[in-house]
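*Asks:* I would like the atomic coordinates for the input below:
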Amino acid sequence: MIRAMQDENSQKDVDRGPGRDPGGHRDYAELSLRIKALSRKLGFAEIAVAGVDVAAAAPWLRRWLALGRHGEMDYMAKHAALRAAPQQLLAGALTVISTRLPYWPDAADAEQVLANGEQAYVSRYALGRDYHKTVRQRLRQLVDHIRLETDALAPAEAFAYRVFTDSAPLLETEFACQSGIAWRGKHTLSLTRGGSWHFLGEILTTLPLPPDAPIDDHCGNCRRCLDACPTGAIVAPYEVDARLCISYLTIELHGAIPVALRPLVGNRIYGCDDCQLCCPWNRFAGLGDPDFAVRNGLDARPLAELFAWNEEQFNARLAGSPIRRIGHQRWLRNIAVALGNAPGSPAVVAALSTRADDRSALVREHVAWAVARQVGKSG
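*Replies:* A predicted model of the protein is given here:
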């Protein structure tokens, strides 16, 4: 859920390449077709073009922020104005090339892992390589192809571009919807007839490519995602309160997970997929890109095993994984909560006791809560 709210620290992906100015006579419709054909060779499931006007979406963002639904994600409020003005990210920007890269991995059955309180559930997007690296790399390769196309047709001029994937204050889902590669589901994620298991990426450019048409919303009267959310974070269709979302609690929140929400976290130690797992459109999803194949057996690993990893092991085994960014302390915090929710067992209490005197006060507090919860089950 919070995947689309993460990591706006990168501001480096700006470059220039050959092209022609908007007043030229080149066939930009033909160029758009060529770009789409090239993107498929790079593994993108779909690519389309949108303009840069997000005026219609800006009031929704301001309302969400005014209600405090962004929680501790201060960067959302800090760059709110920038999100409503993409041209400030790239002077002279005219279009956004929006892309989808599927990630659904060949992994242990998600529902079975969620039902097994002794196993750790990791959001399916985070089981393999960090998507920021893969998507950004593919986008840069696509830009190289675009450069060659424009160089052959108009070598005298220049176009500017920046590539993004959840890495700047850009309304990614809005552009995906405007371009027609997806619609916004009631869980607020981008959704297609092939499901929602995909990453979004964008090329913001000064190329005056013709925009593609949006597609219709196909959620209809379905509300399965609202009913499936463990914490009721989807407070209304198309509205999420991040402060209740398990993805926010296990990834974005730096401090203690609210006590009242801990039992609802279950065995989810990094992110949550419930609103996607129940979506009827995801029945039609195929396997995603090989870069996102499962690493370290994280699709069905015992909680106690992961809780035993020291910081060195955490950093080494999760190198190149998006999980690593939460750090070892929050990793232990999350697993402690999951162990507290696990079926009552002396083995679980023994695993928790190994961290009872952890140097981190945050970890100690969550371990104490988990032990008390386990003792309550045995009593």
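*Asks:* ok, which stretches of the stretch 101-250 of the chain are helices?
*Replies:* Here the stretch 101-250 of the chain has its helices, by DSSP state H, counting those that start in this stretch, at 110-115, 131-153, 172-179, 224-228, 246-247.
*Asks:* looking at these, which is buried most?
*Replies:* helix 246-247 (a mean of 26; mean count of other C-beta atoms under 10 Å). (C-beta placed from N, C-alpha, C; glycine too.)
*Asks:* what packs against that helix?
*Replies:* Packing partners of helix 246-247 (3 or more C-beta pairs under 8 Å, 6 or more residues apart in numbering; DSSP states H and E): none among the helices and strands.
*Asks:* what pairs with Pro302 across the strands?
*Replies:* Applying DSSP bridges to Pro302 gives these bridge partners: Gln119.
*Asks:* Could you verify my assumption that it touches Gly117?
*Replies:* No - in this structure Pro302 lies outside contact range of Gly117 using C-beta atoms under 8 Å: 10.7 Å.
*Asks:* picking up where we left off before, let me have the helices of the stretch 101-250 of the chain in CSV, extended by distance to Cys278.
*Replies:* Converted to CSV, the helices of the stretch 101-250 of the chain look like this (distance: least, C-beta to C-beta, whole Å):
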stretch, distance to Cys278
helix 110-115, 10
helix 131-153, 23
helix 172-179, 19
helix 224-228, 4
helix 246-247, 14
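*Asks:* Check these for me: which has the lowest mean pLDDT.
*Replies:* For the helices of the stretch 101-250 of the chain, mean pLDDT drops lowest on helix 131-153, to a mean of 89.
*Asks:* That one packs against which elements?
*Replies:* strand 14-19, helix 28-41, strand 95-102, strand 157-164, strand 198-205.
*Asks:* Ile251 is nearest to which of these?
*Replies:* strand 198-205 (15.5 Å; C-beta to C-beta).
*Asks:* Could you quantify the relative orientation of the closest one and strand 95-102 as an angle?
*Replies:* Angle, strand 198-205 to strand 95-102, by axes from the mean of the first three to the mean of the last three C-alpha atoms, to 10 degrees: 160 degrees.
*Asks:* Output the contacting helices and strands for strand 198-205.
*Replies:* Counting by 3+ C-beta pairs under 8 Å, 6+ apart, strand 198-205 packs on strand 95-102, helix 131-153, strand 157-164, helix 172-179.
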